[in-house]
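# Generate a structure from the sequence data that follows.
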Amino acid sequence: MNSKYLGLIIGLFLMVLNVNGQQVLSEKKQADIIDNILSDRFNNLLPDLMDRTEIDMWILISREYNEDPVLRTMLPATWLNARRRTIIVFYRNKAEDKIDKLAVARYNFGDNIISAWDKEKEPNQWKRLIQIIEERDPSTIGLNYSTHFNIADGLDKTDHDEFMMNLPDQYKSKVTSAEKLAIAWIETRTQYEMVLYDQLVDITHDIIEEAFSEKVITAGVTTTTDVEWWMRQKVTQLGLKTWFHPSVDVQRSNEVMGNHLYAFSDRPEDMVIMPGDLLHCDFGITYLRLNTDCQEMAYVLKPNETAPPSFLVDALKKGNQLQDIFTSNFESGKTGNEILSASLSQAKAQGLKPSIYTHPLGSYGHSSGPTIGLWDSQQGVPGAGDYPLFPNTVYAIELNTTVYLEQWQRDIRIMLEEAGFYGESGFRYVNGRQTKLFTIPRLKQHQGN
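Numbers count the residues shown, from 1 in each chain. Model (predicted):
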């Protein structure tokens, strides 16, 4: 990374250190940062990704309101959609260590991708694209189609058919899926983005901490639905967005544990929160074109209680134990299915009852990269689970372990989810993880690392 972007990182880092975790940047500042990120990614990251995946020409084609999910992540900050038919061409000349970034469109694609189509000279957009291809004579032409990765499957049938119809015969054998390149672009995070990610997760933690407090919850009055909508409203008030509706659910001593769907879609609505309840939330935000996804837990104190009961404290420790087992298996080149299998085996050998369903996180909430289990596919995930782990990627470390509580005469689930970064130096949590239950009411508690 050059000194310009290093300076931006340092400046932003100092700014973050001196503001409240929930202070959100102005729209103008956000736009500046988004465009700086894009410039850094196009000029410093993309050439390496194209070399790694052995694609020297990458063509993305989209029409307005039907954007390729990959192209959507490349839009300039002031563009909310593609315009008309937008065609982007990246050409990598490895011998000269150059990358051409061209838009076969009527407009410049922001400051980073310059228009290469003069409609007065060549009225036909497809013919101009073919001219660009013939001028560079690529070895491979990558298009965004994929069987197992939806985000890498953004080329629609009409654009595919028209492209192939106009492409000269001598180039048709060079067309290949850009699946690996599209995934790499989506999943890889830069140093600059990781400075931002810490703030994103910190904001997420702050909102959960406030939601799971006496500021929001009054036992015997407040419902789970009240808390969900409070979180949604808080996001809006802060000028943020969320990529899914928050969920809050309850486990208590006099009820039988539901199935995995209970916490996400089958839970009763408007459950009144009572003393002695174990609360769980699933919550994430979208900010600066990055996403978070977090699940944490809280306990509602009974009269005369000053801390959660020891059996719940011990249960949370089992959740942290499963996290440690799981993330210790992160290793470059291992597939999602290999990491899943090894982690489940080790956890069971240590007496846990685990379930792991971790997904890539970043430009999208459920992003592209190795899927490491699904809640209903604990034997592995064909296709997406066979993709290998690469460094400089972020994951929602999402899992649970079932714990039998003698005191409640029932099983409970400790359900946790935290953003984790896998880099050249191994795994770390982006902004810590929950190691203590929130208590309601409580004095402000510090989140453990």
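# can we go C-alpha only for contacts and neighbour counts from here?
Will do.
# got the contact list for the spatially closest residue to Gln125 that is not a sequence neighbour?
Excluding the flanking residues, the one nearest Gln125 by CA to CA, 6 or more residues apart in numbering is Val104, at 6.9 Å. For Val104, the contacting residues are 86-89, 115-117, 125, 128-129, by CA atoms under 8 Å, 6 or more residues apart in numbering.
# among those residues, which are in strands?
Counting by DSSP state E, the contacts of Val104 place 86-89, 115 in strands.
# pLDDT and neighbour count added to those residues, as a markdown table?
Output for these, formatted as a markdown table (pLDDT from 0 to 100; neighbours: other CA atoms under 10 Å):
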| residue | pLDDT | neighbour count |
| --- | --- | --- |
| Thr86 | 92 | 21 |
| Ile87 | 95 | 22 |
| Ile88 | 96 | 22 |
| Val89 | 97 | 22 |
| Ser115 | 91 | 18 |
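# Closest one of the residues you listed to Thr78?
Lowest distance from Thr78 to the ones in strands among the contacts of Val104 (CA to CA) belongs to Thr86, with 15.5 Å.
# Across the sheet, point out what pairs with that closest one.
Ser62 (DSSP bridges).
# wouldn't it be in contact with Arg63 here?
Yes: using CA atoms under 8 Å, Thr86 makes contact with Arg63 at a distance of 6.0 Å.
# which stretches of the chain have low pLDDT?
Scanning the chain for pLDDT under 70 picks out the ranges 1-22, 256-267, 443-449.
# so how far is Leu288 from Glu162?
Using CA to CA, to the nearest Å, Glu162 is found at 34 Å from Leu288.
# neighbour-wise, which of those two wins?
Using other CA atoms under 10 Å as the criterion, Glu162 and Leu288 rank with Leu288 on top: 20 against 11.
# Am I right that the more buried one is in contact with Asp32?
No: if you go by CA under 8 Å, Leu288 and Asp32 don't touch, sitting 10.1 Å apart.
# Which stretches in the stretch 251-400 of the chain count as helices?
Assigned by DSSP state H, counting those that start in this stretch, the helices in the stretch 251-400 of the chain fall at 310-327, 336-349.
# Go ahead and confirm Leu278 touches Glu296.
No: between Leu278 and Glu296 no contact is recorded; they are 10.7 Å apart, counting by CA under 8 Å.
# between the contacts of Val104, which is nearest Trp58?
Nearest member of the contacts of Val104 to Trp58, counting by CA to CA, is Val89, at 5.8 Å.
# what residues are up against the closest residue to the closest one other than its chain neighbours?
Excluding its sequence neighbours, the residue lying closest to Val89 (CA to CA, 6+ apart) is Ile59, at 4.7 Å. By CA under 8 Å, 6+ apart, the contact list for Ile59 reads 87-90, 141-144.
# tell me which element Ile59 is part of?
strand 57-63 (DSSP states H and E).
# want to throw the contacts of Val104 into CSV with distance to Arg410?
Shown next, in CSV, are those (distance: CA to CA, whole Å):
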residue, distance to Arg410
Thr86, 57
Ile87, 58
Ile88, 57
Val89, 58
Ser115, 64
Ala116, 66
Trp117, 67
Gln125, 66
Arg128, 68
Leu129, 64
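# Tell me the buried residues in the helix ranked longest in the chain?
Determined from DSSP state H, the single longest helix within the chain is helix 191-211. Using 16 or more other CA atoms under 10 Å as the test for burial, helix 191-211 gives 192-205, 207-211.
# how about the helices of the stretch 251-400 of the chain in JSON lines, adding distance to Phe421 and mean neighbour count?
What follows is those, written out as JSON lines (distance: least, CA to CA, whole Å; neighbours: other CA atoms under 10 Å):
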{"stretch": "helix 310-327", "distance to Phe421": "10", "mean neighbour count": "18"}
{"stretch": "helix 336-349", "distance to Phe421": "15", "mean neighbour count": "19"}
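# Which of those sits closest to Tyr395?
The nearest among these, by CA to CA, is helix 310-327 at 10.4 Å.
# Look up how far Gln350 lies from Trp401.
Residue 401: Thr, not Trp. As judged by CA to CA, Thr401 and Gln350 stand 12 Å apart.
# Of the two, give the one with the bigger neighbour count.
Thr401 (23 against 12).
# sec struct for the more buried one, please.
On the three-state scheme (DSSP: H, G, I helix; E, B strand; the rest coil), Thr401 is labelled strand.
# does it really touch Glu417, like I thought?
No: at 12.0 Å, Thr401 does not count as touching Glu417 under the criterion of CA under 8 Å.
# Give me the neighbour count for the closest residue to His359 other than its chain neighbours.
Closest residue to His359 apart from its sequence neighbours, by CA to CA, 6+ apart: Thr371 at 5.1 Å. Other residues lying near Thr371 total 28 when counted by other CA under 10 Å.
# ok, Thr371 to Leu278 distance?
Distance of Thr371 to Leu278, computed by CA to CA: 29 Å.
# do the same with Pro370
32 Å.
# So which of the two has more stuff around it?
Set Pro370 next to Leu278 and count neighbours by other CA under 10 Å: Pro370 wins out with 27 against 24.
# how close does the more buried one get to Ile113?
30 Å.
# Likewise for Ala219?
In this view, Ala219 and Ile113 are 55 Å apart by CA to CA.
# before we move on, what about Asp282?
Distance of Asp282 to Ile113, given as CA to CA: 38 Å.
# domains of the protein?
What automatic domain parsing lists as the domains of the chain is 28-185, 189-440.
# Pick the most deeply packed of those domains.
Comparing those by mean neighbour count (mean count of other CA atoms under 10 Å), domain 189-440 ranks first with a mean of 19.
# Would you work out how far apart the start and end of that one are?
36 Å.
# Going forward, the N-terminal residue is numbered 3.
Sure, I'll start counting at 3 from here, so that last one is domain 191-442.
# now that domain, how far from the chain's geometric center?
Offset of domain 191-442 from its chain centre (CA atoms, centre = their mean, to the nearest Å): 14 Å.
# give me every residue that touches the nearest residue to Gln348 once chain neighbours are set aside.
Spatial nearest neighbour of Gln348, excluding adjacent residues (CA to CA, 6+ apart): Ile327 at 7.1 Å. In this structure, Ile327 makes contact with 345, 348-349, judged by CA under 8 Å, 6+ apart.
# show me the contacts for the most centrally placed residue in the chain.
For the chain, Leu363 is the residue whose C-alpha lies nearest the centre (CA atoms, centre = their mean; 2.0 Å). Leu363 makes contact with 189, 293-295, 369-370, 396-398, 421, according to CA under 8 Å, 6+ apart.
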